[in-house]
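In: need a 3D model of the sequence below.
(4 chains)
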Amino acid sequence: MIIIFAVFLLTLLVITAIAIVRAENLFVAVMLMAIFSLLMAANFFILDAADVALTEAAIGAGVTTVIFLGALSLTAENEKKVELSRGVAMSIVTATTLLLIYATFEKPKLGDPEAPVHQHVAPWYLSETPKLIDIPNVVTAVLGSFRAYDTLGEVFVVFTACIGVLFLLSAKNPADKQSRRTPPESIGLRHHLIPKVVGRLLFPFIVLFGLYVQFHGEYGPGGGFQAGAIIATGIILFALLEGEKTALAAVPHSVMMAMVAGGALLYTMVGVVTMFMGGNFLDYSVLSSNPVFGQQMGIILIEAGVGITVCGALLAIFHAFAARENY
Amino acid sequence: MNPTEHLAALQVVVPFLAAPLIVLLKAKRLAWAATTLTSLLTFCIAIALTMGVLDGQNYQYFMGSWPAPYGIELKVDAFSAVVLLIITGASTSALIAGYHSLDKQIGAKRQPMFFAAWILALAGLAGIVVSADAFNIFVFMEISSLASYVLVAGGPDRRALPAVFKYLIFGTIGATFYLIGVGLIYMMTGTLNIEDMGVRIADVADQSPVLVAAGFITVGLALKAALFPLHIWLPNAYTFAPHIVTVFLAACATKVSLYVLFRFDFFVFQENLGGQQLHFTFFFLPLSVFAILIASAVALFERNLKRLLAWSSVAQIGYIVLGASLVSIAGLTASVLHVFNHAIAKGSLFLAVACLACHIKRLRLTDIAGCAKAMPWTMGAMVLAGLSLIGVPGTAGFISKWYLISAVLELGGATGVFLTAVIVLGSLMAVIYVWRIVEYAYFKPQGKKPAVSEAPFGILAITWIVAIGNLYFGINPELAVTLSESAASVLMGHNK
Amino acid sequence: MSMYVIVSIAILVTMTLALARALKGPSVYDRVLAVNMFGTKTVLLLAVVAFFYGRPDFLDLALAYALINFVGILAVLEFFQSQRNDDEEQAKEQEE
Amino acid sequence: MELLGYYNYWVFAIVLMVGFYAVIVRNNLIKKLLGLAIFQSAVFLMYITMDKVEGATAPIIQEGVTDQIYSNPLPQVLILTAIVVGVSTTALGLAMVVRIKEAYGSIEEDDIIAKDRKS
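Out: Next comes the predicted model:
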């Protein structure tokens, strides 16, 4: 039954994707993008990927929309109706689609327990995690320990993107020379009663929920990355309500940078410490006399690192767009 | 802790430790110094790894001590050692040379971020090379790409921005294609470790997802490696990047993608997929021939010095792929050798360009007219490196061309002769475009604003050290040849 | 079991209607409302599916969606407010 | 019903190519980035589709339940990482678009090319 729901949702997904590409108003396209990512997240959830669904919700529907809107307010809302060479593109696209569809017919079907992916490596994770790490969420175990090096890379991807955005948007704006007009300071939404009241009520809950996701990641869906994104969203809410200035006074730029660098450093240092204690890089077993406990400790530490960096980076990126002067 | 055991991991961990610290440094000179020191340290690690490989040591490292297909494995063999040497060496020499010129191009406040991006690009590239896990390679590919977008965007000209945007779009498409390919193979084999894939893929090799995966991985990586005709992002990105960044990226960025491409192809696909060897040759051989001929021809007519050299890079990628497409020990040896030698030649050429740029603002050929009088040392280095690019005997470029021609002639018959003709023709065109630079610099009357004086000593010294490397490896090629031969046999060794 | 199925179908129908409004517009406010509604329906769908799968502890996720949806809509409002300010200012400049 | 088992993969192929089409054909840089985001999301769908096992539940082990089977955790871990990569690329791309707008006064590719020709 659920599969049929999934098929329905996927059909909506295709329609949304086509609508995004066809929309001439970029604001509409961004709104549809939010729907696209909600649909995607619902599908992930139906396909048993609870952690991924949580991430897609926090990132796709939340942060990405906010960043896109930030960029839109600095650029233009409407698209010029010109298309580049359509024929060639169409033929490339059609050929690739057919190739991919051709490839599906020898793929294992959805949900097939005999598929090769379920025979090798993955069963080992499922059977060994309770013995070696002893936490219920196998996704967190793989993320935090078995493939912790990938996660380290992921943290540095966020780190790179953050310094990249700051680097790009800290350059001088050539338009500043021409017009001395100072843009109106963003006052936020504090003059609107309903958003203000509801927002102020929600803000502590969002942060609290973020902390819950951070520390509950070993037991349920969630972990450092999702938590960082949710807390960042909470602080973005604060910035939207109270205006840029107040938000920057609460979490100044230097604090954000310290978070971005500190989280990444914490993660790497955990690895270096395990090296000095006689293990390989990121081998948490050596952290404690009881290897299982050591593993859990390591995962908690690196998840904290991930959360801090992601939260700081998303905030810094948001402020970089928001603070850029619109001309 | 015994550091020699951890060398492979340290290659990535050291820059990762440094990057967050560099961001927090306020003083720009300090940021530069920290970056250069870190880069130098990774260079030393790479040298240590290379010496170990030459001693026959096999570096295998399990991240988190988890055994291979379950955890992530790092592996360093002769091929990785060559590429690591290039990456860390190029980064270090470019950074030392950048002491003067980066200061002018990038504002003081933004420098810590710029240098952090640099060290991350280095970490990403090194991470790709040491990793033996297909997905891990994707993650590090993204780190290095995002960081290099930032580096290129540091260019002073506004045209750097559209160029880097294009670079971002193409880079992301390439990486996503790679991700699709890896996903399809994972779907059919259940593993992400490249060697494990090679073993397990044999049972499913004739099924369509695996064939499609081979196509996606090849195209995706060819896109990132700027193989003709997927090179369109490269010329502008190289032209408008800060000069020092061009030195770094031109020497190693595309080569790392080629490294992954060869590794994937020879470890996973060859001999497992029916007719893969043939497909590989038929796909890459014509493309590399076109790359050599067309890109060289475009370089002949290019008026901007940096873009001319960028087009020449596209042509050189053709030579590298040509060697590999022969699927023979001799061909691969030539390929790896050319990866190494071209990095030195192009590195020193772009370093010389950076020297020129100390006094000449725009770098059209007409702008450098007559500059040899004021800057004899710079132009001397450029000529030396140019000779190596052409492949004149006594330079490093000659060695790889020589190996390439002998590998091609091994084929025999009309193909062998035709390919030899292509290589010779490509080299002749290189003679012409290098001559154009020389002609403008030495024999044309000086432009309106003549260059005042020689470039600062620091940058000049580094340029000459690298330029002399061209001569050294041309006269004593044993080290490079030994490494390349063992790299080739590692790749072909999987091909029982 | 059948109760969950009926509820899910009802939610899917509402989602489709919301999507249709988001696609057709005509004004941006229709679309903003549609997106908000779509978000709410996703929250409900997740809750129902969580019970359907017998893992009610996954209600966490629905909670996350509900919270984040609100912030997204506020961002849209702020976007419109700043745009209107810009427009007003431009109009003033033109008058001057 | 037999064919429905492949439906996810077809949607993956179509959505992927819709995004790809937007990236190569649309002239507006923000639209290109939206296309790129769709393009990347499609790949997430492919990976997540692999992890499902019929009758299984999310790989969070329930205490006291012994006969439960669980879906595959590995593709989920990979996609968590890939989502992060996607949003990072988008953010960086948008920062570039903002700079392009400031430098050229336009975010349409043909305008930018035309302006570069002139100078």
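In: what ranges in chain D fall below the confidence cut-off?
Out: Scanning chain D for pLDDT under 70 picks out the ranges D:1-3, D:119.
In: and the residue of it nearest chain C?
Out: Nearest to chain C in chain D, going by C-beta to the nearest C-beta, is D:Thr57, at a distance of 5.9 Å. To be clear about C-beta, it is placed using only N, CA and C from the backbone, and glycine gets the same treatment.
In: need the helices for chain C, in chain order.
Out: If DSSP state H is used as the criterion, the helices of chain C fall at C:2-24, C:28-52, C:59-95.
In: after whichever helix or strand D:Tyr21 is part of comes which helix or strand?
Out: Using DSSP states H and E, D:Tyr21 sits in helix D:7-25. Taking DSSP H and E as the definition, the helix or strand that follows helix D:7-25 towards the C-terminus is helix D:29-51.
In: pull the CA atoms of that next one into PDB?
Out: Only the C-alpha atoms of helix D:29-51 are listed here, as PDB (Å, rounded to 0.1, in the frame of the first residue of the first chain):
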ATOM      1  CA  LEU D  29      22.400  31.700 -13.400                       C
ATOM      2  CA  ILE D  30      20.100  31.200 -10.500                       C
ATOM      3  CA  LYS D  31      18.000  28.900 -12.600                       C
ATOM      4  CA  LYS D  32      21.100  27.000 -13.400                       C
ATOM      5  CA  LEU D  33      21.800  26.500  -9.700                       C
ATOM      6  CA  LEU D  34      18.200  25.400  -9.100                       C
ATOM      7  CA  GLY D  35      18.700  22.900 -11.900                       C
ATOM      8  CA  LEU D  36      22.000  21.700 -10.300                       C
ATOM      9  CA  ALA D  37      20.200  21.200  -7.000                       C
ATOM     10  CA  ILE D  38      17.500  19.100  -8.700                       C
ATOM     11  CA  PHE D  39      20.200  17.200 -10.500                       C
ATOM     12  CA  GLN D  40      21.900  16.300  -7.300                       C
ATOM     13  CA  SER D  41      18.700  15.500  -5.400                       C
ATOM     14  CA  ALA D  42      17.900  12.900  -8.100                       C
ATOM     15  CA  VAL D  43      21.000  11.000  -7.200                       C
ATOM     16  CA  PHE D  44      20.000  11.000  -3.600                       C
ATOM     17  CA  LEU D  45      16.800   9.300  -4.600                       C
ATOM     18  CA  MET D  46      18.700   6.600  -6.500                       C
ATOM     19  CA  TYR D  47      20.900   5.800  -3.500                       C
ATOM     20  CA  ILE D  48      18.000   5.800  -1.000                       C
ATOM     21  CA  THR D  49      16.000   3.500  -3.300                       C
ATOM     22  CA  MET D  50      18.600   0.900  -2.900                       C
ATOM     23  CA  ASP D  51      18.500   0.700   0.800                       C
END
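In: any part of that helix near chain C?
Out: No: no part of helix D:29-51 sits close enough to chain C to count as contact by C-beta under 8 Å from any C-beta of the partner chain; the gap is at least 13.9 Å.
In: and the next helix or strand after that helix, does that touch chain C?
Out: Where DSSP H and E defines the elements, the next helix or strand beyond helix D:29-51 is helix D:73-104. No: contact of helix D:73-104 with chain C (C-beta under 8 Å from any C-beta) is absent, the minimum separation being 13.7 Å.
In: tell me what angle helix D:73-104 forms with helix D:29-51.
Out: Between helix D:73-104 and helix D:29-51, the angle formed by their directions is 180 degrees, by axes from the mean of the first three to the mean of the last three C-alpha atoms, to 10 degrees.
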